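Enquirer: what follows is a protein structure lacking sequence information:
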């Protein structure tokens, strides 16, 4: 075959001149090569972003975390998590915000006054059922541990069931707490009205033990992880008893859809050894969720979820309830869907 040549001054073909001088054809080839390299870099960058822990730049900024009353498990959990995040997410300034409990916590997160919180599943379900502002934006990061409903009375009390509380002074938690929510339902299951059949004292766990010691309370309800520090301290100072609540489970479940989140449970004998003296106590339990909204940055949510799951043993040494946090069950966050950042974390942990 004869090749055609169109000699110029140098006697070389146009292709040869382009290759030598950087002419149009050569420039087009370089442009195509650069575009291909750029596309490959973008693909590799996206892949690294997807696979890397945190999915991109390390999150930072001020983040508000609503906890609970000062002597409750939520508050202690929040304090220990703050210490953990200071090492794992040093650019995040976690600000702890005390509250009355689950009901107020959900209000704060849904309204944007807090970014994260811990709340009981029944309080979340109730807020969604009432279509509270921002309810459709609520998301979960993890199922944490169960709260156990505790009914405490002085030693020697004649109260053997919630049905025996009629006419007595009963601590039922603060107005916007999860304790108050479930106490009302338990009393209803016992055939009592919280407003008319008992003298309801709306105080938190930071005050109810002292009120009992002063003789101002005949009993009080508490919903918390086991053991709750305030109850332990009360038991060290005074003789108290735990009253079973297991007989109320059927009537509790019959009340409304939201009560399906309560389950029959048993407080093990070593929850409060000096009080239980080797005996278990039948009661009601409810799961706690780590809650945020779909407004929260995915990388931040992924990082916090990772810290919460990874801190189980460390936090569990001081907050025994945290020992129940488990990667295998953390994804079961009914009634809330998982936040995309949390979902990303769980995908990264698959074998």
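Expert: Received it, and whenever you're ready, just let me know what you need. Everything numeric here is computed off the predicted structure, so don't read it as measured data.
Enquirer: quick check: phi and psi at residue 328.
Expert: phi -70, psi -30 (degrees, to the nearest 10).
Enquirer: contact partners for it?
Expert: Contact analysis of residue 328 by CB atoms under 8 Å, 6 or more residues apart in numbering lists nothing. Every C-beta, even on glycine, is put in place using the N, C-alpha and C of the backbone.
Enquirer: where in the chain is pLDDT low?
Expert: Residues of the chain that meet the criterion pLDDT under 70 lie in 1-57, 351.
Enquirer: can you map out the helices along it?
Expert: Here the chain has its helices, by DSSP state H, at 14-21, 24-51, 73-88, 102-111, 121-129, 178-189, 208-213, 229-237, 249-253, 273-276, 298-310, 312-316, 340-348.
Enquirer: closest to residue 145 out of these?
Expert: Residue 145 lies closest, by CB to CB, to one member of the helices of the chain: helix 73-88, at 8.4 Å.
Enquirer: ok so, going back, in CSV, list the helices of the chain along with mean neighbour count and distance to residue 161.
Expert: Listed next are the helices of the chain as CSV, based on neighbours: other CB atoms under 10 Å; distance: least, CB to CB, whole Å:
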stretch, mean neighbour count, distance to residue 161
helix 14-21, 14, 95
helix 24-51, 11, 55
helix 73-88, 20, 25
helix 102-111, 25, 25
helix 121-129, 23, 21
helix 178-189, 25, 10
helix 208-213, 20, 18
helix 229-237, 17, 19
helix 249-253, 16, 12
helix 273-276, 15, 17
helix 298-310, 23, 37
helix 312-316, 16, 33
helix 340-348, 20, 40
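Enquirer: make JSON lines from those helices and add distance to residue 324 to it.
Expert: Listed next are those as JSON lines, based on distance: least, CB to CB, whole Å:
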{"stretch": "helix 14-21", "distance to residue 324": "70"}
{"stretch": "helix 24-51", "distance to residue 324": "30"}
{"stretch": "helix 73-88", "distance to residue 324": "11"}
{"stretch": "helix 102-111", "distance to residue 324": "17"}
{"stretch": "helix 121-129", "distance to residue 324": "14"}
{"stretch": "helix 178-189", "distance to residue 324": "17"}
{"stretch": "helix 208-213", "distance to residue 324": "24"}
{"stretch": "helix 229-237", "distance to residue 324": "17"}
{"stretch": "helix 249-253", "distance to residue 324": "20"}
{"stretch": "helix 273-276", "distance to residue 324": "19"}
{"stretch": "helix 298-310", "distance to residue 324": "12"}
{"stretch": "helix 312-316", "distance to residue 324": "8"}
{"stretch": "helix 340-348", "distance to residue 324": "18"}
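Enquirer: ok, which of these comes nearest residue 267?
Expert: The nearest among the helices of the chain, by CB to CB, is helix 273-276 at 7.4 Å.
Enquirer: nearest approach to residue 223 belongs to which of the helices of the chain?
Expert: Minimum separation from residue 223 across the helices of the chain (CB to CB) falls at helix 178-189, 4.7 Å.
Enquirer: what's the angle from that closest one to helix 102-111?
Expert: For helix 178-189 against helix 102-111, the angle by axes from the mean of the first three to the mean of the last three CA atoms, to 10 degrees is 130 degrees.
Enquirer: so which other helices or strands are in contact with helix 178-189?
Expert: Here helix 178-189 is seen to pack against helix 102-111, strand 116-120, helix 121-129, strand 138-154, strand 219-224, helix 249-253, strand 281-293 when contacts are counted using 3 or more CB pairs under 8 Å, 6 or more residues apart in numbering; DSSP states H and E.
Enquirer: from the chain's centroid, how far away is the fifth one?
Expert: In this case it means strand 219-224. 21 Å (CA atoms, centre = their mean, to the nearest Å).
Enquirer: what does the first one give?
Expert: Mean C-alpha position of helix 102-111 versus that of the full chain (CA atoms, centre = their mean) differs by 12 Å.
Enquirer: and what of the last one?
Expert: Between the mean C-alpha point of strand 281-293 and the mean C-alpha point of its chain there is a distance of 10 Å (CA atoms, centre = their mean).
Enquirer: neighbouring strands for it, and are they parallel or not?
Expert: strand 116-120 (antiparallel), strand 138-154 (antiparallel), strand 263-267 (antiparallel) (DSSP bridges).
Enquirer: burial count for the closest residue to residue 227 other than its chain neighbours?
Expert: Spatial nearest neighbour of residue 227, chain neighbours left out: residue 271 (5.3 Å); criterion: CB to CB, 6 or more residues apart in numbering. Look at residue 271: counted by other CB atoms under 10 Å, it has 21 neighbours.
Enquirer: got the contact list for residue 271?
Expert: For residue 271, counting by CB under 8 Å, 6+ apart, the contacting residues are 148, 226, 227, 281.
Enquirer: ditto for residue 339
Expert: 139, 140, 141, 292, 294, 296, 298, 301, 305.
Enquirer: is residue 293 in a bridge, and if so with what?
Expert: residue 138.
Enquirer: so what's the residue count around it?
Expert: Residue 293: 20 neighbours (other CB under 10 Å).
Enquirer: ditto for the one 4 residues further on
Expert: Burial of residue 297, expressed as a neighbour count using other CB under 10 Å, amounts to 18.
Enquirer: setting aside sequence neighbours, what's the nearest residue to it?
Expert: residue 59 (6.1 Å).
Enquirer: please apply the same query to residue 171.
Expert: Closest to residue 171 by CB to CB, 6+ apart is residue 220, at 3.0 Å.
Enquirer: picking that back up, including mean neighbour count and distance to residue 231, could the strands paired with strand 281-293 go into JSON lines?
Expert: What follows is the strands paired with strand 281-293, written out as JSON lines (neighbours: other CB under 10 Å; distance: least, CB to CB, whole Å):
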{"stretch": "strand 116-120", "mean neighbour count": "28", "distance to residue 231": "17"}
{"stretch": "strand 138-154", "mean neighbour count": "24", "distance to residue 231": "6"}
{"stretch": "strand 263-267", "mean neighbour count": "17", "distance to residue 231": "11"}
